[in-house]
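> Whatever this is, show me its structure:
(chains A, B, C and D)
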There are 2 protein chains.
Amino acid sequence: MADPSKPARSEDNGQPARRGKPTLRTIAEITGLAVTTVSRALAEAPQISADTRRRVREVAIEIGYSPDRAAQRLKTGRTNVIAVLLDPHEEILGYGTSIMSGISKALQGTSYHVIVMPNFLNTTNVEAVNYITRNSMADGVIFSRTEPLDPRVMLLSEIGFPFVTHGRTELSTPHAYVDYDNFTFSYQATRRLIAKGRRKPALISGPAGFTFAGHLQHGFMTAVREAGCAYEILSGIDLDSPAGDIRDRVRQRYSEPDPPDSFMCGGEVCALATITGMSDCGLTLGQEYDIVAKQTSHLLGAIQPQVETIYEDLTATGEDMGRVLLQRIGGETDVDKVQMLLSPQIPSNW
Amino acid sequence: MADPSKPARSEDNGQPARRGKPTLRTIAEITGLAVTTVSRALAEAPQISADTRRRVREVAIEIGYSPDRAAQRLKTGRTNVIAVLLDPHEEILGYGTSIMSGISKALQGTSYHVIVMPNFLNTTNVEAVNYITRNSMADGVIFSRTEPLDPRVMLLSEIGFPFVTHGRTELSTPHAYVDYDNFTFSYQATRRLIAKGRRKPALISGPAGFTFAGHLQHGFMTAVREAGCAYEILSGIDLDSPAGDIRDRVRQRYSEPDPPDSFMCGGEVCALATITGMSDCGLTLGQEYDIVAKQTSHLLGAIQPQVETIYEDLTATGEDMGRVLLQRIGGETDVDKVQMLLSPQIPSNW
DNA sequence: AGCGAGATTTAAAACGTTTTCATGATTCGA
DNA sequence: TCGAATCATGAAAACGTTTTAAATCTCGCT
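As a prediction, the model looks like this:
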C-alpha cells in the first residue's frame, strides 16, 4: 500500500548530513517525504493520511527524534514552559515543595514543563518577570508574596501576559489568583485562643508589605475586638524572621511587664521558635499559655504535636494555580473561573 | 564625522514594520546599517569602529531592544542558562535555598541565569537530564543526591554535556564534583559521642543508594571500631524519613532491650525528631543521652541550641558548584580544578 | 595613477521549525 | 468525458539571530 514514488531508501543516502541530532529533515530524507509533511504528520494534522502519520511516527521514534525547542519557539513564539518565581523566604522547604508538586500535578499530561526562576540575589521582584517576558522564557508565570499594589501584576496585566498569583492585590483591574482565606484563618485561630480563656493574644504578623499580612492582622483584630480583650502585635519580628530572632523576642517580651498569654502564629517554624522562647522562661504550652498556628507541613506535628493548628493545603493550592494558569493561557478571561479563594478547614472539635 | 551615504533617516521610514518587538532589523533600519553590522556592534566586535558601536548601543537602549533568546539559541546552540535539578526530598529546610543562593552568587555578573527543574512527580532522575539535554534547555546542569553508579553522570559524561554534582560517584571516569567530606564529619561526630562517655552510638543513616550515605556509615563504623564500643544503625528510617517516623522509631527503640545511648544525626530535622522521641520516653538530652548532628541552617540552633553540631556551608558549596560549572562550560578538563572536597570544621573545643 | 593592505561594512546562508500558498492526484457529479 | 471538489503532499518563506565569505573604502607607497 505504501508506495513512495520518490527514492525512499532508508539506509544509504547520497550526500546529506548523517551526524548530529536528528531533525525533521532527517526524517524527511529517510521516508522520502517533504519536511512539511513530516512536521504535519508529527503534529497529527488530519489532512495527512493515517498511513503516512504512522510511518513518520515510527521513524521518528526509531531514530530518537525530538523537536528542537529553540526552533519551535522562534517560529511559534510559544515556549511550553511555565515559570514559577521563588524567593529565598519561601524556603524551598514545605512551601516551595508543596506548591511545586501541586503545579507539576496540574501540568502533568500537558505539553508544559515547569521551571523555577529563583531570586536569591537581592534583586527586585519585578526584574524576574521582566526577564521572563522580554526573553520569552515562558508562556505563563506563577508567583506569590503578592503585594496590594504589586508591580508584577501591573506589568503583566498591562502587556497581557498570562499569570496567576498566590494571594490577592488591591488593584482595581481583576486578575487571576488563588488565595487562602487568611482573614478567616486568623479570625478563627484567635477566637480559639480566646475560647480557651486567654485574655491577651499576641500576633506574630506577616512581613509588612504583603497582602496576606494585612489579612492576618485584620482577622486577628476582628476577633480581639469582638471579644473586647487585650492584644498585642509583636514588634520587631515577623514570619520571615529567623527562628532565633523570634525566640529571643518572645523571651525578651516576657521579661517586660504585661506580657501576652497566647500566640497566633502564621507558620510552623514560628510556633516552634515561640515555644522555645517561652520554655526558656519556664512556661509550659497549654498551661501558662497557648498557641494556634497555621500548618503547612508535618514538622510541627512531629516535634510539638500538642500545638493546635489549622491546615493550609499548599499542594492543592499549587494544583489550582496550575489549572488556572492553563485556562488563562487558553484565553479564559471569566473572572469566576480564574479567581479562587480557598477556605480554611476549621477543626471540628473547636 | 559620521557620514552614512545610505539614507539613514531615523524617524520616517517607508514601508517596513513598525509594530512588535524591536529586532536587529529595527536598529538596522534606524541607523541605516546592515543587520550584520548591528549584530557585531552589539557583540562589541573589535572590527566594528568604535563610533558605530556606540551609536548602535545608544539606539538599542533607546528603543528598548533585547535580543531574542530563541533565535540566539537556535543559531548558536547556547542557552545562557544553568539548570539545577531539585527533588522533593531536598526540602530539608534550607538545602535548596542555600545551594541556590550560592549558585546565584557564582553566576552573578556572568550572562548565565539559573533555572530549577523540579522533579516533583515521581519520575526517574535521569529523565530530567534527558529532557534538558535533548531540548537544549541549558548549557550545564547541577544536581545532587549522587549515586555510586549514577546514571545521570554516565549519560552526561558520555555525551560530553557540562555538569557538576554535589557528591561523588564511584565511576572510573572522573567528573566534576563538589562534595562535603561526610566520612570525616561522621567519624569526628561519632568520636565526639564516644569522648563524652557514650558506649553505644546509633546512626540514623542516609537514604540507601546515595554515595554520601555510604560515607556517613563508613565514618561511623570507623569510629566505633576504633573505640571498640557497641553501636547500632537504626533500621526502618533514614534521613529522608518524615520527622514523625523518626520520632516514633526512636521512641519504639527505647521500649526494646539494650537501646543506644547516643545518636549521630545527619540533619537538623532528624535531630529534632530524635529529641522529641527521647523526650516522650522521659529522657533528657545531655543527661541520659547525647546527639551530634550536621548543621546546615539555623533551625536547630534556635530550637535546641544545646545540640552539638558540625557545620556544612551549603551556600559555599553552591558557589563552588557554580564556579566549577562555569569552568567546565569553558572547557576546563583538569580534574584538580573541577573536583573539590570540602572539609568539615570541627569545633575547636572538642 | 595604480596596487595591495588594512579597516569597515555588507550580502547571503544557515539554524530547525511552522505556515502560507500552491500543486498533483484522485474522486465525484453531471 | 469533463471540470469541480476533495485529498494528500510539497516548495518556499518566515521567525531573529550568528557566521562565512565577500565587497567596498581608505590609505600609503611605488
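> and the helix or strand of chain A with the lowest mean pLDDT, anywhere near chain B?
In chain A, no helix or strand scores lower on mean pLDDT, DSSP states H and E than strand A:113-118, which sits at a mean of 84. Yes. Part of strand A:113-118 sits near chain B under the criterion Cβ under 8 Å from any Cβ of the partner chain, namely A:His113, A:Val114, A:Ile115, A:Val116, A:Met117, A:Pro118. For glycine as for every other residue, the C-beta is placed from the backbone atoms N, C-alpha and C.
> Please enumerate residues in contact with that strand?
A:80-88, A:96, A:100, A:103-104, A:107, A:128, A:131-132, A:137-138, B:86, B:100-101, B:104, B:113-118, B:131 (Cβ atoms under 8 Å, 6 or more residues apart in numbering or on different chains).
> So which of these would count as near DNA strand D as well?
Checked against DNA strand D using Cβ under 7 Å from any atom of the strand, the contacts of strand A:113-118 give no members in range.
> Show me which of those are buried.
A:81-88, A:96, A:100, A:103-104, A:107, A:128, A:131-132, A:137-138, B:86, B:100-101, B:104, B:113-118, B:131 (16 or more other Cβ atoms under 10 Å in any protein chain shown).
> sorry, back to before: looking at the contacts of strand A:113-118, which are in helices?
A:Met100, A:Ile103, A:Ser104, A:Leu107, A:Ala128, A:Tyr131, A:Ile132, B:Met100, B:Ser101, B:Ser104, B:Tyr131 (DSSP state H).
> out of those residues, which one sits closest to DNA strand C?
Lowest distance from DNA strand C to those (Cβ to the nearest atom of the strand) belongs to B:Tyr131, with 15.0 Å.
> Kindly tell me how buried whatever residue of the stretch 251-350 of chain A ends up closest to chain B is, as a neighbour count.
Closest to chain B within the stretch 251-350 of chain A is A:Ala302: 3.5 Å, counting by Cβ to the nearest Cβ. Using other Cβ atoms under 10 Å in any protein chain shown, A:Ala302 has 20 neighbouring residues.
> residue contacts, it?
By Cβ under 8 Å, 6+ apart, A:Ala302 lies in contact with B:Pro242, B:Ala243, B:Gly244, B:Ile246, B:Arg247, B:Leu272, B:Ala273, B:Thr276.
> change it to 7 Å
Shown in contact with A:Ala302 (Cβ atoms under 7 Å, 6 or more residues apart in numbering or on different chains): B:Pro242, B:Ala243, B:Gly244, B:Arg247, B:Ala273, B:Thr276.
> Next: A:Ile329.
By Cβ under 7 Å, 6+ apart, A:Ile329 lies in contact with A:Asp139, A:Gly140, A:Pro162.
> could you measure it against A:Gly322, distance?
From A:Ile329 across to A:Gly322, the span is 11 Å (Cβ to Cβ, to the nearest Å).
> likewise A:Gly209?
Distance of A:Gly209 to A:Gly322, given as Cβ to Cβ: 26 Å.
> Neighbours of the residue of the stretch 151-300 of chain A found nearest DNA strand D, how many?
Of all residues in the stretch 151-300 of chain A, A:Ile159 sits closest to DNA strand D, at 15.6 Å by Cβ to the nearest atom of the strand. A count of nearby residues for A:Ile159, using other Cβ under 10 Å, gives 9.
> Tell me the confidence at it?
With respect to pLDDT, A:Ile159 scores 91.
> If we ignore the residues flanking it in sequence, what's nearest it?
Distances taken as Cβ to Cβ, 6 or more residues apart in numbering or on different chains put A:Thr133 closest to A:Ile159, at 6.5 Å, once the chain neighbours are dropped.
> Ok, A:Gly206 next?
The shortest distance from A:Gly206 to any non-neighbouring residue, by Cβ to Cβ, 6+ apart, is to A:Ala213 (3.0 Å).
> Just to check, that neighbour is in contact with A:Ile204?
No. Here A:Ala213 does not reach A:Ile204: they are 10.7 Å apart, not a contact under Cβ atoms under 7 Å.
> what residues are up against A:Pro344?
A:Asp181, A:Thr184, A:Phe185, A:Gln188, A:Ile310.
> now, which of the residues you listed lie within helices?
Within the contacts of A:Pro344, residues falling in helices by DSSP H are A:Thr184, A:Phe185, A:Gln188.
> buried ones in the strand or helix carrying A:His215?
Element membership of A:His215 [criterion: DSSP states H and E] is helix A:211-227. By neighbour count on 16+ other Cβ under 10 Å, the buried set for helix A:211-227 is A:211-217, A:219-224, A:227.
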